[in-house]
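Undergrad: Provided below for reference: sequence and predicted model.
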Amino acid sequence: MTLGGAAALASNVGVQPPLGAHLDITDLSCRLSGLAAVDRAAMTIHPGEHVALVGANGAGKSTLLRAILGLQPAIGGRVALDGKVATSRVDWDERRRLAPWVPQRQAIGRFPLTVDELLASSGDRDAAGAAAARLGIVQLGARPLHALSGGQLQRCFLARAFGAVARGGRLLLADEPTAALDFATRDTVAAMLRELPVSVLVATHDKTIADQCDRVVEMADGRLREWRA
Ligand SMILES: Nc1ncnc2c1ncn2[C@@H]1O[C@H](COP(=O)(O)OP(=O)(O)OP(=O)(O)O)[C@@H](O)[C@H]1O
């Protein structure tokens, strides 16, 4: 997506600035196999802010992102998106619509979904298709997801997430979105993220991605601390 594309995206979704959501995490804790994977974590993301979440392997970054989406139960604390805490199935569906995500491990299910079908599931096939073109995967449209390489699959899930942002997503959650990509595509994804006019929380080990964010927050043993403002 170009800068012009971001502006078009802004007008397409019909939302006036600020396009980004406000995320407020307070005292959030999650346990995995008896371990405090997230331990009284607290963080605020202001509308339109891009925040990198860094930290060692196993620090709890993926668990935190999953908890924001209700995919990982919390044992305590609160996650509010634009002031709203999710308490029902309907609330969580709305949370996931407002916060599209790029998962670290892409679940491709038991049924043969094609790339085109995945892009259509974003809710905005045109925007997902534009992102797919920029990511160099349009020629893969008819391919089933299980017949893709790791990097091709990651590009597909990125394109879908960009489509979901165009559909009305206001906080992009991305879990190591460049981990499987070649160097050239990493640069493309870095530019696409930079241009996004919504809030972004990206867990990453990629210094280029972290450096371009407004803030870097470090996670260690489930706890968060501001690293660079
Ligand atoms: N399904 C699981 N069952 C039990 N423990 C888990 C599971 N998934 C993760 N963990 C543990 O929870 C902790 C946090 O893991 P998490 O995946 O959130 O870390 P991360 O910071 O995303 O790591 P990485 O940088 O390696 O992706 C780790 O100690 C990990 O071993």
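TA: Nice, thanks for sending it over. Residues are numbered from 1 along each chain as shown.

Undergrad: tell me the centre residue of this structure?
TA: By Cα atoms, centre = their mean, the chain has its centre lying nearest to residue 173, at 2.1 Å.

Undergrad: what's near enough to touch the closest residue to that one other than its chain neighbours?
TA: Distances taken as Cβ to Cβ, 6 or more residues apart in numbering put residue 101 closest to residue 173, at 3.9 Å, once the chain neighbours are dropped. C-beta here means a position set from N, CA and C on the backbone, and glycine is covered the same way. Shown in contact with residue 101 (Cβ atoms under 8 Å, 6 or more residues apart in numbering): 65, 69, 161, 172-175.

Undergrad: shaky segments in the protein?
TA: Within the chain, the segments meeting pLDDT under 70 span 1-18, 110-111, 228-229.

Undergrad: quick one, helices of it?
TA: 3-12, 61-68, 89-98, 115-120, 125-134, 150-166, 183-195, 207-212 (DSSP state H).

Undergrad: indicate which one of these is closest to the ligand.
TA: The ligand lies closest to helix 61-68 among the helices of the chain, at 3.3 Å (Cβ to the nearest ligand atom).

Undergrad: just the C-alphas of the closest one, formatted as CSV.
TA: The C-alpha coordinates for helix 61-68 follow below in CSV (Å, rounded to 0.1, in the frame of the first residue of the first chain):
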residue,chain,number,x,y,z
LYS,A,61,4.7,-11.7,23.4
SER,A,62,2.4,-14.1,21.5
THR,A,63,0.4,-14.9,24.6
LEU,A,64,-0.2,-11.2,25.1
LEU,A,65,-1.4,-10.6,21.6
ARG,A,66,-3.6,-13.7,21.8
ALA,A,67,-5.1,-12.4,25.1
ILE,A,68,-6.0,-9.1,23.5
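
Undergrad: name the residue most distant from the centre of this protein?
TA: Furthest out from the centre of the chain (Cα atoms, centre = their mean) sits residue 34, at 26.7 Å.

Undergrad: where's the closest residue in space to residue 160 that isn't next to it in sequence relative to residue 208, distance?
TA: The shortest distance from residue 160 to any non-neighbouring residue, by Cβ to Cβ, 6+ apart, is to residue 122 (4.4 Å). Counting by Cβ to Cβ, to the nearest Å, the gap from residue 122 to residue 208 is 25 Å.

Undergrad: between the two, which has more neighbouring residues?
TA: Shown here are residue 122 and residue 208; by other Cβ atoms under 10 Å, residue 122 has more neighbours (24 against 14).

Undergrad: residue contacts, the more buried one?
TA: Applying Cβ under 8 Å, 6+ apart, the residues contacting residue 122 are 100, 128, 159-164, 166-167.

Undergrad: repeat for residue 29
TA: Contacts of residue 29 (Cβ under 8 Å, 6+ apart): 36, 38-41, 74-77, 222.

Undergrad: ok, 6 Å please
TA: 38-40, 75-77 (Cβ atoms under 6 Å, 6 or more residues apart in numbering).

Undergrad: repeat for residue 60
TA: Counting by Cβ under 6 Å, 6+ apart, residue 60 touches 37-38, 219, 222.

Undergrad: max pairwise distance over the residues you listed: which two?
TA: Within those, 37 and 219 form the most distant pair, 10.0 Å apart (Cβ to Cβ).

Undergrad: need the contact partners of stretch 166-181.
TA: Stretch 166-181 is contacted from outside by 9, 13, 20-21, 23, 62, 65, 98-104, 123-124, 127, 150-151, 154, 158, 165, 186, 189, 198-204, 206, using Cβ under 6 Å, 6+ apart.
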